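Asks: quick one, what's the 3D model for this:
(chains A, B, C and D)
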There are 2 protein chains.
Amino acid sequence: MARKRTKPGKIRLTEVAKLAGVSPITASRFFRTPEALSINKRVRVESAARELGYVPNLAARALASQRTEVIGVLIPSLTNNVFSDVLRGIYDAVDGSRYTIQLANTRYSILQEEKLLRVFLAQKPAGLIVTGIDQTPESRSMMEATDCPVVQLMEIGDNPVDMMIGFSHADACHAAISHLLDQGCRRVGFLGARMDPRVQRRFLGYQQAMKDAGLLDPRLIVTTPLPTSVTLGGTLFADLLAKAPDTDAVFCANDDLALGVLFECQRRQISVPEQMLISGFNDLEFMASAVPTLTSVRTNRYEMGRTAATMVIEAMDGRRPEQKVVDLGYTVMVRQSSVRPGHAGRVSAERQRAAE
Amino acid sequence: MARKRTKPGKIRLTEVAKLAGVSPITASRFFRTPEALSINKRVRVESAARELGYVPNLAARALASQRTEVIGVLIPSLTNNVFSDVLRGIYDAVDGSRYTIQLANTRYSILQEEKLLRVFLAQKPAGLIVTGIDQTPESRSMMEATDCPVVQLMEIGDNPVDMMIGFSHADACHAAISHLLDQGCRRVGFLGARMDPRVQRRFLGYQQAMKDAGLLDPRLIVTTPLPTSVTLGGTLFADLLAKAPDTDAVFCANDDLALGVLFECQRRQISVPEQMLISGFNDLEFMASAVPTLTSVRTNRYEMGRTAATMVIEAMDGRRPEQKVVDLGYTVMVRQSSVRPGHAGRVSAERQRAAE
DNA sequence: AGAACTATTGACAGCGCTACCAAGCCGCGG
DNA sequence: CCGCGGCTTGGTAGCGCTGTCAATAGTTCT
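Replies: Just a heads-up that it's a prediction; the model follows:
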């Protein structure tokens, strides 16, 4: 006995087609390839759909067409401000397109990332955006095997799975350190939290710059696996001063840490920049507002997310981008906290290295 | 002529059933109601699924079962730190369950919210989490008509659509203002950005407290529709001082603004708390780290997101919570910035009003 | 022993949409 | 006048899974 499973009030494509006086398949085409319809039918289907308030059933569409309109996004953290900017860019780019975002959090674990990737790919996503370039070999081969566009985000490297957008963390950090050295600093400390791959690469940039200047000293380095915070900045800075009391500048791998250092300096009556220069990384909004204003390295996070999503969408629509690797560059925003009084160099000068 | 559409390598439920030596429907039940299977078959299906690396096709499941395992989440902003905490809670709660999150951004527009709601509901979500209690009448009736659990987040009010979790913004703000008045302040300014419904309710709490004390004065109030930022805090504070130079305390509807006020005080050589008391709202991490430490109102955002998602999941599993409205309360975190020197009252005292 | 249950398992028929193929229509060239 | 090719439209047959009902096996009760 066949039972009635279809609720009477529900509006399916069939209802729209009936009202428009066309076959269901023609109505279906209206939503996929409207340009293949004659003007006449196009108008009729459109008004019928509007009149009935038709909303397509995505599950049925996905099942029948063997693909979804979902872009999977894997990011390591929801807490970190850095990613909220990236996400905003992604969501803005997707907004208005027919695609939707499926977001998942790897918690900085590449094994967790691999697991999520497996689940995502089983649902045949339309596209994929992943963070960073350090995936497990297993993840990598999964991404290479899939036929949907993939963007690696936040960094650039030699071996893109498909597309890539970001900047060189090592170079960006190197530029900031060079600026501090230009100011005459000799004992430049490094504070790093979490020590994820991107912070590691900034650390490499620091080490290179210090080594080139013959100033590298392990006592100047304080790192921790703990997640970044303002309070932690103060703590790490205290550790640094304990190890190297003659520190004359601090580079912080995150702006949170830099703000914490500034507060700790205020607490200890260390005047910035007279006795201590400070630079952060990321250029969060508050850096330009602090007293003194804080130097940082501006990275184009919103732009990064936006472009990544746009690249995926364009690739899905068959328009592969002309360049698969996009370097968004960075800008050292020189502010009061890193300019030696009386030293040549004016505040708010910028050292930029954008993609050419 | 029937064509082959099924790719040969693909693993469907049928393949798992075949390997396990059971019918497809039995295999299907293994994934939905394993306790209905005999131990014997349960083990066989499990090992067959694992051996083949079977991953269910969610689109087919959704189509056949007429429901999804997606929880729709509508938040007004991705930028605001407040929501990243809430989101983290939601994702943490969902993690490990069989549900997934579909996130969308209303950009503080209830019309946009209504539009998104319409799209979400057409896909028959398993549950829904929306921000605030100010929806359009249209949105409200859609949410009432749906049979999935709905949680309203961030606030509590009289008329829940279904479930509700949050706290009273008016009361929380009122408590902070009372604390400032207790410190002997008479000219307490109010700075507000964005002025979304929740900030509006904090504003009401401020007005009530000031009116009760006979101290309400429009010159003490500076608001703007612009989104909050640290820099904006400085600007609004400058405006306030221009209108009311005798201001002796500032309540900021967001912590960003409070930090901006602190920096502006430093710039103008106004000493905190000697000449100016400051309180923020939300208790972001940096507040406890600033110099002086900044008073704020702690709200349990992570907990809010986590509980909301848990409530939805439990409701979906048939366990409706005992209470549909959960008040998570707040805590006034009294710190250096709001304690008059020499005044009775010690730093880090807390004024709490948690749910009883 | 027979009836009345309960616990397991299976068969069938879709869910709403789209891929694939085929057919109808038109104008044009041979 | 016929046939060809491009443009539009329609028919058929699933996509992979689950809701419903029925059937079978195993148990308990009277």
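
Asks: in the stretch 1-150 of chain A, which spans are helices?
Replies: With DSSP state H, counting those that start in this stretch as the criterion, the stretch 1-150 of chain A has helices at A:13-20, A:24-32, A:39-52, A:58-65, A:81-94, A:110-122, A:137-145.

Asks: out of those helices, which one sits most buried?
Replies: By mean neighbour count, with neighbours taken as mean count of other C-beta atoms under 10 Å in any protein chain shown, helix A:81-94 ranks first of those at a mean of 23. The C-beta positions use only the backbone N, C-alpha and C, and glycine is treated the same way.

Asks: tabulate the CA atom coordinates of that one in CSV.
Replies: Taking Å, rounded to 0.1, in the frame of the first residue of the first chain, the C-alpha atoms of helix A:81-94 are listed here in CSV:
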residue,chain,number,x,y,z
ASN,A,81,40.9,37.6,16.2
VAL,A,82,43.1,36.9,13.3
PHE,A,83,40.7,34.3,12.0
SER,A,84,37.6,36.3,12.6
ASP,A,85,38.8,38.8,10.1
VAL,A,86,39.6,36.1,7.6
LEU,A,87,36.2,34.5,8.1
ARG,A,88,34.4,37.8,7.6
GLY,A,89,36.1,38.1,4.3
ILE,A,90,35.1,34.6,3.3
TYR,A,91,31.5,35.1,4.4
ASP,A,92,31.3,38.5,2.6
ALA,A,93,32.5,36.9,-0.6
VAL,A,94,30.1,34.0,-0.5
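
Asks: low-confidence regions, the stretch 1-150 of chain A specifically.
Replies: For the stretch 1-150 of chain A, the stretches with pLDDT under 70 are A:1-9.

Asks: up against chain B, what does it have?
Replies: Counting by C-beta under 8 Å from any C-beta of the partner chain, the stretch 1-150 of chain A comes close to chain B at A:5, A:55, A:57-60, A:62-63, A:66, A:68, A:78-79, A:81, A:84-85, A:87-88, A:91, A:95, A:100-103, A:105, A:118-119, A:122-123.

Asks: got the buried residues for stretch A:68-78?
Replies: Across stretch A:68-78, burial judged by 16 or more other C-beta atoms under 10 Å in any protein chain shown covers A:68-78.

Asks: could you do stretch A:270-289 as well?
Replies: Of all the residues in stretch A:270-289, those buried under the rule 16+ other C-beta under 10 Å are A:270, A:272-273, A:276-289.

Asks: what parts of chain A come near DNA strand C?
Replies: A:2, A:5-7, A:10, A:12-14, A:24-25, A:28, A:31-32, A:56-57, A:60-61, A:63-66 (C-beta under 7 Å from any atom of the strand).

Asks: confirm A:Ile165 sits in a strand?
Replies: Yes: assessed with DSSP: H, G, I helix; E, B strand; the rest coil, A:Ile165 lies in a strand.

Asks: that one: neighbouring residues, count only.
Replies: 29 (other C-beta atoms under 10 Å in any protein chain shown).

Asks: so the nearest residue to it once chain neighbours are set aside versus DNA strand D, what's the distance?
Replies: In space, and not counting its chain neighbours, A:Ile165 is closest to A:Val326: 4.3 Å by C-beta to C-beta, 6 or more residues apart in numbering or on different chains. Distance of A:Val326 to DNA strand D, given as C-beta to the nearest atom of the strand, to the nearest Å: 35 Å.

Asks: what's the answer for A:Leu74, then?
Replies: Computed as C-beta to the nearest atom of the strand, the A:Leu74 to DNA strand D distance reads 23 Å.

Asks: look up the closest residue to the residue of the stretch 101-250 of chain A found nearest DNA strand D, ignoring the ones flanking it.
Replies: Going by C-beta to the nearest atom of the strand, DNA strand D is nearest to A:Ala122 of the stretch 101-250 of chain A, at 9.5 Å. With sequence-adjacent residues excluded and distances taken as C-beta to C-beta, 6+ apart, A:Ala122 is closest to B:Val55, at 3.6 Å.

Asks: show me where the stretch 101-250 of chain A has strands.
Replies: Taking DSSP state E, counting those that start in this stretch as the criterion, the stretch 101-250 of chain A carries its strands at A:127-131, A:150-155, A:163-167, A:188-193, A:221-224, A:249-252.

Asks: can you give me the angle the second one makes with strand A:163-167?
Replies: Here the directions of strand A:150-155 and strand A:163-167 differ by 10 degrees (axes from the mean of the first three to the mean of the last three C-alpha atoms, to 10 degrees).

Asks: can you give me the angle strand A:150-155 makes with strand A:127-131?
Replies: 20 degrees.

Asks: mind listing residues that contact strand A:150-155?
Replies: Contacting residues not belonging to strand A:150-155 are listed as A:86, A:127-133, A:143, A:160-169, A:197-198, A:201, A:304-305, A:308, A:311-312 [C-beta atoms under 8 Å, 6 or more residues apart in numbering or on different chains].

Asks: so which bits of it are buried?
Replies: A:150-155.

Asks: could you dump the residues you listed to CSV with distance to B:Ser296?
Replies: Shown next, in CSV, are the buried residues of strand A:150-155 (distance: C-beta to C-beta, whole Å):
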residue, distance to B:Ser296
A:Val150, 42
A:Val151, 38
A:Gln152, 38
A:Leu153, 33
A:Met154, 32
A:Glu155, 35
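
Asks: that older thread, chain B next: which of the buried residues of stretch A:270-289 are close?
Replies: By C-beta under 8 Å from any C-beta, the members of those lying near chain B are A:285-286, A:288-289.

Asks: quick one: mean pLDDT for stretch A:278-294?
Replies: Mean pLDDT, computed over stretch A:278-294, is 97.

Asks: how far off centre is that stretch?
Replies: Computed by C-alpha atoms, centre = their mean, to the nearest Å, the separation of stretch A:278-294 from the middle of its chain amounts to 20 Å.

Asks: end to end on that stretch, go ahead and measure it.
Replies: 7 Å (C-alpha to C-alpha, to the nearest Å).

Asks: in this structure A:Ala59 contacts B:Thr68, no?
Replies: Yes: with contact defined as C-beta atoms under 8 Å, A:Ala59 reaches B:Thr68; the gap is 6.9 Å.

Asks: hey, what's in contact with both of those two?
Replies: Residues touching both A:Ala59 and B:Thr68 by C-beta under 8 Å, 6+ apart: B:58, B:62, B:123.

Asks: ok, and which of the residues you listed reach chain A?
Replies: Near chain A, judged by C-beta under 8 Å from any C-beta, the entries from the shared contacts of A:Ala59 and B:Thr68 are B:58, B:62, B:123.

Asks: counting neighbours, what do you get for A:Thr235?
Replies: 19.
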